[in-house]
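Enquirer: Curious how this folds, go ahead:
(chains A and B)
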Amino acid sequence: MGRRLVELYRKLDRGQQGLGARIASSVVALLLVAGLFGPLLAEARRLASLEAGIVEILRDANLVERDPEAVQLMEQGTVTLDGKEYGDGRLRGMPTLYDRAGTLLAVAAVAEILVEEEIPGWAPLFLIEDPATTLGYAALVLAWLLVAVWAGTSLQLFLVVIAVAIAGGAMLLLGRPAGAFAVGGMGVLGFTFVLLVRLVIAGVGGLGQPGAVAATVIREAVRQKAFAGFIVVLLVVLPLIPVWIDPETPLRYQLQVFIGRSLGTTYAVAACMTLVLAAATVAFEIRDRQILQLLTKPISRLRYLLGKWLGIVLLDAVLLAVCGVSIFLFIRYLETRPAADAFDAQAVRDEVLVARVGLEPAYDLLPRARLLEMVDQAIEADPMLKDSIERKEEDEFEVRRNLYADFQKENLAGQRSIAPGDERIFRFPGLAEARRLGANLTLKYLFYAGDSDPHNQLPVIFRFPDGGGWTDRRFVPAQSMVLVIPADLINDEGVLSIGIANARFDPDAPAGTPAVMPGELTIFFEPDGLELLYPVSSFEANFLRALLVLLVKLSFLAMLGAAMASFLSFPVACLVGFTVFLAAEASPFLAESVRSYRIWDDEGNVQWAKSMIRGIAAGAEWVLRSYGLIRPTSALVEGRLVGWGDLGRAFWIVGIGWSVLVLALSLLAFRRKELAVYSGQG
Amino acid sequence: MVTEAGNPEVVVEASGLVKVFSDFWMRAKARAVDGIEFSIRRHEIFGLLGPNGSGKSTTIKLILGLLRKSSGRLVVLGRDPSDVAIKRRIGYLPEESYMYRFLDARETLDYYGRIFGLGAATRRRRVDELIEMVGLGNAAHRPVGEYSKGMTRRLGIAQALINDPEFLILDEPTSGLDPIGTRQVKDLLLDLKRRGKTILLSSHLLGDVEDVCDRMVILYGGRIRAEGTSEELLRDTAHTMIKTGRLHEGTLKEIEKILGAREGFGIDRVENPRQRLEDLFLQIVERARQEQIATSGAGAGGPTARFLLGEETEGTGLVEELVRGRDEPKVPVVAAPVEKPPATAAPATREVLDELLAPKPPAAPSAPAARAPARPKGVDEDVIRGLVDEGEGGRGGHGS
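Expert: Prediction:
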């Protein structure tokens, strides 16, 4: 029976390769997509038309002039369009929807809320919120199906769909919709991965000898259990991550947790697979002697290594593409979940699904002449110090340099502290573009006060001298807080001035008593304790750049593994590879450790062993710094920009520079290596 | 030996070639090749013989650039062995076939075809022909990891031929093959030789080497102990062998009397000639095949791939082939199988080796260092001699 099924499968597989079968399958795919997305598109258009109609009605509706539409919205929270009433009454009695002239603010947002009841329960919101988006998704699905058909995998797709339907259906019957979703995700991811691999193997054929080697490496990765295991783990674990996100937490945290875990898992698994595969594919070929049969053909050792590297990089690209698209689509889906409140919704929009750059305030530095004067005064004021300089016991240049640095540091630290009742004005220049874009800015602050007890809440007032206005807040010491600032508070020169007052506002102060009172403790913060963040790019572009940076890092790991294995055994090559990888990823922490590592004992004597350790650590940190400083996943989680400059630096320094260096060094050994061993007697 | 540097008729030239293997501390561990000198000429099948550890595989690996020589001179196709460009003209079958277990036969051959830069159509055609030639048609889509040793070996032979090499190096090509496969390999080698290929053949199976090689060297301890053509090394000029129909006892006695009277010695041995076991085996299998008895595993091999016979034609290539075929003088082809020397001749090869390996104090050189003839003289001379003998009324004798 099994044999017959296998025979039938082979027969059908051969049959689907024919032109007629492919054309027929394409027509079926087209009909399927039309059948699936047709109703969704119709619904999206209907909703868009309704919204447009309501916007048309409300745009000119004026409450002050008692227009019937505005009055109906105010009194009942509904709007009538073509004889039908829309709205569930949520907007009833909300004067804040209008400005002083009686014109409705945010007409589009109001129309969206009024139409919410019309959204059918059977349609996923993210598929019908915009007809153009619906068409885009339809085109994506159709393209995916057509690629599957013309790659000769219609039968395999059909079998995957059947398997997923059975498993997913079982999950639904057991009352586990999240499980059904996960199963569906695994099926789609797995099939898409196989499809892309086939296309890549067909595509590298035009790349000559390195392409041939690359195609074989990809086949090795998907057919050898040891490597395929990594891929399977990734494609199975990834769809399970959404299951582990608590839907009760604020939406911004759900998104941040999902982005961090999914991208982090993808990168970690892909990095491990890359190192192991790169080392194994070269080391095992040398050990098992397939390389003898290959390098007796007209392929140089350089092309051989390049081919190995190319195959692994292509595999990584496919993995990142498949996982990246699925993560992005799920983010889009998560985004449509209801936020905890208005602040949560704003945070999602302004702090998570955005690409921001950070700006620190411009501090006043002490002028050089003043610093020199202070240093001279300090030396004059300390007879012992002066004496030791005169007697050459201390190097004058060294002493002056240290004093210079200390005074400047003190000056800056002084600007980062605010005594009770005081106010300091902080200026953030260079914001003309942010003003033009008009999106909200976010002030991130981390203040300390007294013993910084996290159970306390202390008062602070933020004032905006240029735009007018102020706001009072309560902050928790040693905890990061944010303040959203509209872009129109930036002045015409592109400078945003913020006054931070160590005071509290008491709205219930009795008449005759001041409403603003000094705070209780001095507020101070670290150099990175005050940062202004503003959006400069879209989340979509940022996400793409983040994936590209991850690919560049993986490409370096691929070269590292393959190059090391060309002259080291597999275990040693893996050891070297993972050591470099972990040290590189941890280089920011390494830098911090090096800075605070003491090389003196209590008597002030230098301990040479510790000094040597610090020297080695500092050297390693310096070399690996470029790799560790580029952290695209963290940037995405914090809504920070992964810029083209970051990508360019990653590409040229890590992707090209380091990879070429590692390749060149390994070729020196690989070219000298005798691949055949002595097999005689004696 | 006089060097023949720069001679385009010389495919490999080795002079004073030494290879010393060292350990990790750079101490000499083994002198695997010790000052050998030989040359391989174009269009000949050159045999490399020797017991285990004699330096055969090391010599081959030096020729292929897989090892670096310690001293001496080695030129392959006019270049240094490490030159990547000459590999385009070389096909190599190692002593063990080191295949990728996760690829199937088609993918393996296609991969190597790509490495040689063959176009897609050429690759497809050659892969089909080679798969059929080595009898792997039924197993072409199975992973190589599931193959038996013989099937892997056949695939190894195929990959060595994918580029239609000018110079073919075969290290134990018949290892793991059944007698049919062995016969087919030998026939293939002769076909390739007729097409002008140069072949370096290393084998323990002395009968295989004797059947096909034009010249051979015998190595021991990294040194050449004997060198020459099969004829030169194996002919026993001290005896004469006559093959006739069955003789009666009385006739034999009369012959012995005549020998005693004329030559002064009698008959050493009288026996019925024996069919070779290989021939018997092949007959039985052929009979079974004709009776269409089923078998699993590798099928019988097909004919030699057309591209190896120079019949790969496409487009304008077809016209060129036809024109070239009309103009070029044909190499005389022996249609009928060459009559094998009787089994009693086989021990001659072993005797040479035994003599060399016997525990005697080293004295005289083991074999005359005869200069190898400029052209291989195997089959052609035998045919001509046979025709001449027939013309003189005698039976066509040949071989020893």
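Enquirer: Nearest spatial neighbour of residue 243, chain-adjacent residues omitted?
Expert: In the absence of a named chain, this looks at chain A. The shortest distance from residue A:243 to any non-neighbouring residue, by CB to CB, 6 or more residues apart in numbering or on different chains, is to residue A:178 (4.6 Å). Heads up, the C-betas are built off the backbone N, CA and C, glycines and all.
Enquirer: Switch to chain B, please.
Expert: Leaving out its chain neighbours, the residue that sits closest to residue B:243 by CB to CB, 6+ apart is residue B:273, at 6.7 Å.
Enquirer: The one you found: neighbour count?
Expert: For residue B:273, the neighbour count with other CB atoms under 10 Å in any protein chain shown is 10.
Enquirer: cool, and residue A:425?
Expert: 12.
Enquirer: That one reaches residue A:495, doesn't it?
Expert: No: taking contacts as CB atoms under 8 Å, residue A:425 lies outside contact range of residue A:495: 10.9 Å.
Enquirer: Quickly list what's touching both of those two.
Expert: When CB atoms under 8 Å, 6 or more residues apart in numbering or on different chains defines a contact, no residue borders residue A:425 and residue A:495 alike.
Enquirer: Name the helix or strand for the one residue in the stretch 51-200 of chain A that gets nearest to chain B, please.
Expert: Nearest residue of the stretch 51-200 of chain A to chain B (CB to the nearest CB) works out as residue A:198 at 13.2 Å. Residue A:198 belongs to helix A:177-203 when assigned by DSSP states H and E.
Enquirer: Show me what counts as buried in that helix.
Expert: Residues A:179-198, A:200-201 are the ones in helix A:177-203 that count as buried (16 or more other CB atoms under 10 Å in any protein chain shown).
Enquirer: Check stretch B:228-243 too.
Expert: Across stretch B:228-243, burial judged by 16+ other CB under 10 Å covers B:228, B:229, B:230, B:231, B:232, B:233, B:234.
Enquirer: Name the helix or strand for the fifth one, please.
Expert: Read that as residue B:232. Using DSSP H and E, residue B:232 sits in helix B:230-234.
Enquirer: buried ones in whichever helix or strand comes after that helix?
Expert: Sequence order places helix B:249-262 as the next helix or strand after helix B:230-234, per DSSP H and E. Within helix B:249-262, the residues scored as buried using 16+ other CB under 10 Å are residue B:255.
Enquirer: Need the contact partners of helix B:249-262.
Expert: B:247, B:265, B:266, B:267, B:270.
Enquirer: Just the CA atoms of that helix, as CSV, please.
Expert: Provided in CSV are the C-alpha atoms of helix B:249-262 (Å, rounded to 0.1, in the frame of the first residue of the first chain):
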residue,chain,number,x,y,z
GLU,B,249,49.5,-39.8,-27.0
GLY,B,250,51.5,-41.3,-29.9
THR,B,251,51.8,-38.0,-31.7
LEU,B,252,53.1,-36.4,-28.5
LYS,B,253,55.8,-39.0,-28.2
GLU,B,254,56.9,-38.5,-31.8
ILE,B,255,57.1,-34.8,-31.2
GLU,B,256,59.2,-35.3,-28.1
LYS,B,257,61.5,-37.5,-30.1
ILE,B,258,61.9,-34.9,-32.8
LEU,B,259,62.6,-32.2,-30.2
GLY,B,260,65.1,-34.4,-28.5
ALA,B,261,66.9,-35.1,-31.8
ARG,B,262,66.9,-31.5,-33.1
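Enquirer: Put the alpha carbons of the helix holding residue B:232 into CSV.
Expert: The C-alpha trace of helix B:230-234 is given here as CSV (Å, rounded to 0.1, in the frame of the first residue of the first chain):
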residue,chain,number,x,y,z
SER,B,230,54.1,-5.7,-21.4
GLU,B,231,55.9,-7.4,-24.1
GLU,B,232,59.3,-6.5,-22.8
LEU,B,233,58.6,-7.4,-19.3
LEU,B,234,56.6,-10.5,-19.7
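Enquirer: by contact count, what packs against that helix?
Expert: Contacts defined by 3 or more CB pairs under 8 Å, 6 or more residues apart in numbering or on different chains; DSSP states H and E place helix B:230-234 against strand B:215-220, helix B:347-357.
Enquirer: Pull the distance from it to the chain's centre.
Expert: For helix B:230-234, the separation from the chain centroid amounts to 15 Å (computed by CA atoms, centre = their mean, to the nearest Å).
Enquirer: as a whole number, average confidence for that helix?
Expert: Across helix B:230-234, the average pLDDT comes to 73.
Enquirer: now swap in stretch B:184-204 and tell me
Expert: What stretch B:184-204 shows for mean pLDDT is 86.
Enquirer: Between the two ends of it, how far is it?
Expert: Chord length of stretch B:184-204, first to last residue, is 18 Å (CA to CA, to the nearest Å).
Enquirer: Now it: buried residues?
Expert: Those would be B:184-186, B:188-194, B:197-203, for stretch B:184-204 by 16+ other CB under 10 Å.
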